[in-house]
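Here's a sequence, model it:
(2 chains)
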2 protein chains.
Amino acid sequence: MAEVKLLRSWSSPFGLRIVWALQLKGIPYETIYEDLSNKSPLLLQSNPIHKKIPVLLHNGNAVVESLIILEYVDETWKENPLLPEDPLERATARFWARYCDEKVSPSIWESFTKEGKEQEEGIVKAKENLKYLEEELKGKKFFGGEKIGIVDIALGWLAYYESLFEDIVGMKVVTKEEFPLLSAWAATFADVPIIKDNWPSKDKLIPKFQAIRDSSLKK
Amino acid sequence: MAEVKLLRSWSSPFGLRIVWALQLKGIPYETIYEDLSNKSPLLLQSNPIHKKIPVLLHNGNAVVESLIILEYVDETWKENPLLPEDPLERATARFWARYCDEKVSPSIWESFTKEGKEQEEGIVKAKENLKYLEEELKGKKFFGGEKIGIVDIALGWLAYYESLFEDIVGMKVVTKEEFPLLSAWAATFADVPIIKDNWPSKDKLIPKFQAIRDSSLKK
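Predicted structure coming up:
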């Protein structure tokens, strides 16, 4: 049997993307947890340029960068496709997956790690970015349609990690009033068995993200 | 026959990527030149989020973001593939294509639009980034092997636009001494008929990029 190993950290949503993809496809794999403050020689050797998790090792070959790993997983194991078949739909899915990484996540992170005026500006930007996703969900259960696809996986962190924002900063970005479709999507997505089973414990996440925020604010 | 239109500007290397891809595949298309200081309603409507060129219109459907367009072109027209067939090789090609956009281009741009210490730091970073590409070329004519592939297309601008750096700033980043393989690649790539035929005129590019640099330095 092919040997599949996943290097990830316990808390990173980027690592979770690969966990979900492999489990949705029913691929057995071994998890290697990395301590990101003391990266292993295996991680540094597998991803010498970016030195980041997640890394997928398949028969000893390293694949890095989570969106690229998702495409690799989808091309290698065909069951439960993460991308649609049609080239135009594939391009659209790739567009939104990159949009989540290049626009949505940085703007929410900006709101989370700042305070005062900078935070307010971050929230305005985050909401502008999220409006396009709200629009994209019209008439759909998931971004992938009836089934979870690459955009759901790319944005999946929001369905769980956004509540840390609420717990730690005391405010909510994705409100039911402003984002009814995204809110419904988040509730549905977070509760799908394979997704739900893999969320890290909030008891551990809250102090970790509180510390990240505290340290950002001191800079 | 399918209707293919390409929105681009005369000077942008991102637009050139799509010109090359379509021409390498022998796809007839119509070019619509955009004035980026006065974007057309068609551009704004086709790419409402990023409002950027290039945009590929295929039977009226818009595909945006140059690397995503390249994958679309490759999936839609199979002749002269831009990506390899093997999933691991595809992941590697995607990795380097993104690396060119996320690391190489910004660091060279940083060197070009700054002066003094900032420029020196930019050049050091650019050279560090380029060393990985030099390594990747070992034993190969193109990044794609014997034929031009997506990484060659993503990095292609360097084979021509880097000389603007030399003409305008008076120094060379990709020297034959430090980067013998990249220098040989650039010379070979720039001279491939379909590539060569589409370079914009340096007589027009030099004043344009001189003006960009002057305006960046004033900020």
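
on contacts alone, who are the packing partners of the helix or strand containing residue A:213?
Element membership of residue A:213, judged by DSSP states H and E, is helix A:202-218. Using 3 or more C-beta pairs under 8 Å, 6 or more residues apart in numbering or on different chains; DSSP states H and E as the contact test, the elements touching helix A:202-218 are helix A:105-113, helix A:158-169. Yep, even glycine has a C-beta here, placed from its N, CA and C like the rest.

Nearest to chain B, out of these?
Checking the helices and strands packed on helix A:202-218 against chain B by C-beta to the nearest C-beta gives helix A:105-113 as the closest, at 13.0 Å.

Are we agreed that residue A:56 is in a helix?
No. Under DSSP: H, G, I helix; E, B strand; the rest coil, residue A:56 falls outside any helix and is assigned strand.

Specify the beta-bridge partners of it.
Following DSSP bridges, residue A:56 is listed with bridge partners residue A:6, residue A:63.

Quick check: it touching residue A:8?
No. Taking contacts as C-beta atoms under 8 Å, residue A:56 lies outside contact range of residue A:8: 9.5 Å.

what do those two both touch?
residue A:18 (C-beta atoms under 8 Å, 6 or more residues apart in numbering or on different chains).

More neighbours: which of the two?
residue A:56 (27 against 23; other C-beta atoms under 10 Å in any protein chain shown).

from the chain's centre, how far out does stretch A:85-97 sit?
Distance of stretch A:85-97 from the chain centroid (C-alpha atoms, centre = their mean, to the nearest Å) equals 18 Å.

scratch that, stretch A:200-216 is what I was asking about
For stretch A:200-216, the distance to the chain centre is 17 Å (C-alpha atoms, centre = their mean).

Buried residues, it. List them.
A:200, A:205, A:209, A:212-213 (16 or more other C-beta atoms under 10 Å in any protein chain shown).

count of residues packed around the closest residue to residue A:150 other than its chain neighbours?
Among residues not flanking residue A:150 along the chain, residue A:82 sits closest, at 4.6 Å (C-beta to C-beta, 6 or more residues apart in numbering or on different chains). Around residue A:82 there are 26 other residues, counting by other C-beta under 10 Å.

Can you name every helix or strand that the lengthiest helix in chain A contacts?
The helix that spans the most residues within chain A, counting by DSSP state H, is helix A:116-136. If you count contacts as 3+ C-beta pairs under 8 Å, 6+ apart, helix A:116-136 packs onto helix A:87-99, helix A:105-113, helix A:180-190.

repeat that for 7 Å
Counting contacts by 3 or more C-beta pairs under 7 Å, 6 or more residues apart in numbering or on different chains; DSSP states H and E, helix A:116-136 is packed against helix A:105-113, helix A:180-190.

Could you provide the ones you listed in TSV, with additional columns for mean neighbour count and distance to residue A:34?
Formatted as TSV, these follow (neighbours: other C-beta atoms under 10 Å in any protein chain shown; distance: least, C-beta to C-beta, whole Å):
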stretch	mean neighbour count	distance to residue A:34
helix A:105-113	20	20
helix A:180-190	17	25
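
Which of those helices has the lowest mean pLDDT?
Sorting the helices and strands packed on helix A:116-136 by mean pLDDT places helix A:105-113 lowest, at a mean of 92.

ok, that helix near chain B or not?
No. Judged by C-beta under 7 Å from any C-beta of the partner chain, helix A:105-113 and chain B are separated, with a smallest distance of 13.0 Å.

Could you export that helix as CSV, CA atoms only?
Below are the C-alpha coordinates for helix A:105-113, written out as CSV (Å, rounded to 0.1, in the frame of the first residue of the first chain):
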residue,chain,number,x,y,z
SER,A,105,-7.7,35.2,5.6
PRO,A,106,-5.3,38.2,5.7
SER,A,107,-8.1,40.7,6.3
ILE,A,108,-9.6,38.6,9.1
TRP,A,109,-6.2,38.0,10.6
GLU,A,110,-5.5,41.8,10.4
SER,A,111,-8.7,42.4,12.4
PHE,A,112,-7.7,39.8,14.9
THR,A,113,-4.2,40.9,15.6
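
would you turn the helices and strands packed on helix A:116-136 into JSON lines with distance to residue B:89?
Listed next are those as JSON lines, based on distance: least, C-beta to C-beta, whole Å:
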{"stretch": "helix A:105-113", "distance to residue B:89": "29"}
{"stretch": "helix A:180-190", "distance to residue B:89": "32"}
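
Flag every residue of chain A that's near chain B.
Proximity of chain A to chain B (C-beta under 7 Å from any C-beta) is limited to residues A:49, A:61, A:63-65, A:68, A:71-72, A:75-76, A:87-88, A:90-91, A:94-95, A:98-99, A:132.

Residue ranges in chain A under the pLDDT threshold?
Low-confidence segments of chain A (pLDDT under 70): A:1-2.

Show me it divided up by domain.
Per the record, chain A has its domains at A:4-76, A:87-218, by automatic domain parsing.

Quick check, the residue nearest to residue A:150 in contact with residue A:76.
No. Assessed by C-beta atoms under 7 Å, residue A:82 is found out of contact with residue A:76, at 11.3 Å.

what touches both of the two?
Counting by C-beta atoms under 7 Å, 6 or more residues apart in numbering or on different chains, residue A:82 and residue A:76 have no contacts in common.

quick revisit: angle of the helix holding residue A:213 against helix A:158-169?
Interaxial angle, helix A:202-218 versus helix A:158-169 (axes from the mean of the first three to the mean of the last three C-alpha atoms, to 10 degrees): 60 degrees.

what does helix A:202-218 contact?
Outside helix A:202-218, the residues within contact range by C-beta under 7 Å, 6+ apart are A:11, A:112-113, A:115, A:164, A:167-168.
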